[in-house]
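> Output the structure for:
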Amino acid sequence: MCLFILTETGQQKYFVIHESKNWLQAQSYCREHHTDLVSGIPQIRSEEFNKRVDEFNDSTLWIGLFREIWSWSDGKNFSFRHWDPDSFLEVASKTCAMTKPNGKWSCDNCTDQKPFYCYEDKVILIKENKTWDDALDYCRENHRDLVSITDSHQQRWVQEGAKMADTEFVWLGMRYTCTLDLWFWVSNRLVCYHNWAQEDKIEGCDRATAMKRDGKWYERKEGNFLNFICAL
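I've put the predicted structure just below:
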């Protein structure tokens, strides 16, 4: 059995997995069935996630924080800390994090069996280098479409994915048509929101939109080989 909620942004769901697993098994389960173990401060501090923690106030559940140097399972930066002060010795000696009934964090041996939290994105970064057309085909065959961004909330989540790309830019689902002299989303969404960088425009009809790691949008030739982000 798993429970889930949809965030206000519409970009992520949270799942509570009641089956007890060790930390690595929990990570593998989340990556196979969802996106990853719950990771990063926006998720941990969200109202929806904390409501779910409150509902399981008699349990400790794995989250996606582990220590070589403390890191989140999905690669997000680790800065904010919410450790339980009564768990200092555990934090110093054990290497996988969990939530406690009071909502704060503690640690345990990664081989211990616990329920855990997963999250699921509505977008996914594909770390394969493809032209824009090939990226579009890949997304439509394996997911839904190349991602469209229609508001600042979607921009924020796509930007988080772009930060983890292997290429400086990632393809988005917007291209240029010379016939109509306009930009359009391939998902047929209206182009109302944009986040273009200030740069010299490129010439030609074979242009599409790519996002840089800083979240700004740029025109790029469709034949460039880039990572890309699909909508799920």
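> the domain parsing of the chain - what is it?
2-120, 122-231 (automatic domain parsing).
> looking at the ones you listed, which has the lowest confidence?
When these are ranked by mean pLDDT, domain 2-120 comes last with a mean of 76.
> and it, how far out from the chain's middle?
15 Å (CA atoms, centre = their mean, to the nearest Å).
> Asp36 touches Gln27, doesn't it?
Yes. Assessed by CB atoms under 8 Å, Asp36 is found in contact with Gln27 at 7.1 Å. Any C-beta I mention is one placed from the backbone N, CA and C, and that applies to glycine too.
> intersection of neighbour lists for the two?
By CB atoms under 8 Å, 6 or more residues apart in numbering, Asp36 and Gln27 have these common neighbours: 64, 73.
> Which one's more surrounded, these two?
Taking neighbours as other CB atoms under 10 Å, Asp36 and Gln27 compare with Gln27 leading, 23 against 20.
> Around the closest residue to Asn102 other than its chain neighbours, count how many other residues there are.
Closest residue in space to Asn102, ignoring its immediate chain neighbours: Asp84 at 6.8 Å, by CB to CB, 6 or more residues apart in numbering. By other CB under 10 Å, 17 other residues sit near Asp84.
> Trp62 should be in a strand, yeah?
Yes. Judged by DSSP: H, G, I helix; E, B strand; the rest coil, Trp62 forms part of a strand.
> contacting residues around the closest residue to it other than its chain neighbours?
With sequence-adjacent residues excluded and distances taken as CB to CB, 6+ apart, Trp62 is closest to Phe116, at 3.6 Å. Contacts for Phe116 (CB under 8 Å, 6+ apart) come out as 16-17, 21, 23, 26, 29-30, 37, 61-63.
> again with Cys205
Cys205 touches 176-178, counting by CB under 8 Å, 6+ apart.
> Tell me how far it lies from Gln25.
Cys205 sits 50 Å away from Gln25, going by CB to CB, to the nearest Å.
> ok, now Cys107?
In terms of CB to CB, Cys107 sits 17 Å off from Gln25.
> out of those two, which sits in the busier spot?
Neighbours per residue (other CB under 10 Å) separate Cys107 from Gln25, with Cys107 holding more: 22 against 16.
> my guess is Trp105 contacts Lys94, does it?
No. Assessed by CB under 8 Å, Trp105 is found out of contact with Lys94, at 11.5 Å.
> now the spatially most distant residue from the centre of the chain, what's its secondary structure?
Computed with CA atoms, centre = their mean, the residue of the chain farthest from its C-alpha average is Thr179, at 35.5 Å. Look at Thr179: counting by three-state DSSP, its state is coil.
> who's in contact with it?
Contacts of Thr179 by CB under 8 Å, 6+ apart: none found.
> Over to Glu128?
So Glu128 contacts 138, 227-228 (CB under 8 Å, 6+ apart).
> If we use 7 Å, what do you get?
Asn227 (CB atoms under 7 Å, 6 or more residues apart in numbering).
> For Thr167, see how far away it is.
In terms of CB to CB, Glu128 sits 10 Å off from Thr167.
> Can you list the buried residues in stretch 111-119?
Neighbour counts over stretch 111-119 (16 or more other CB atoms under 10 Å) mark 114-119 as buried.
> moving C-terminal of whichever helix or strand Cys118 is part of, what's the next helix or strand?
For Cys118, the host element (DSSP states H and E) is strand 114-121. Reading on from strand 114-121 to the C-terminus, the next helix or strand found by DSSP H and E is strand 123-130.
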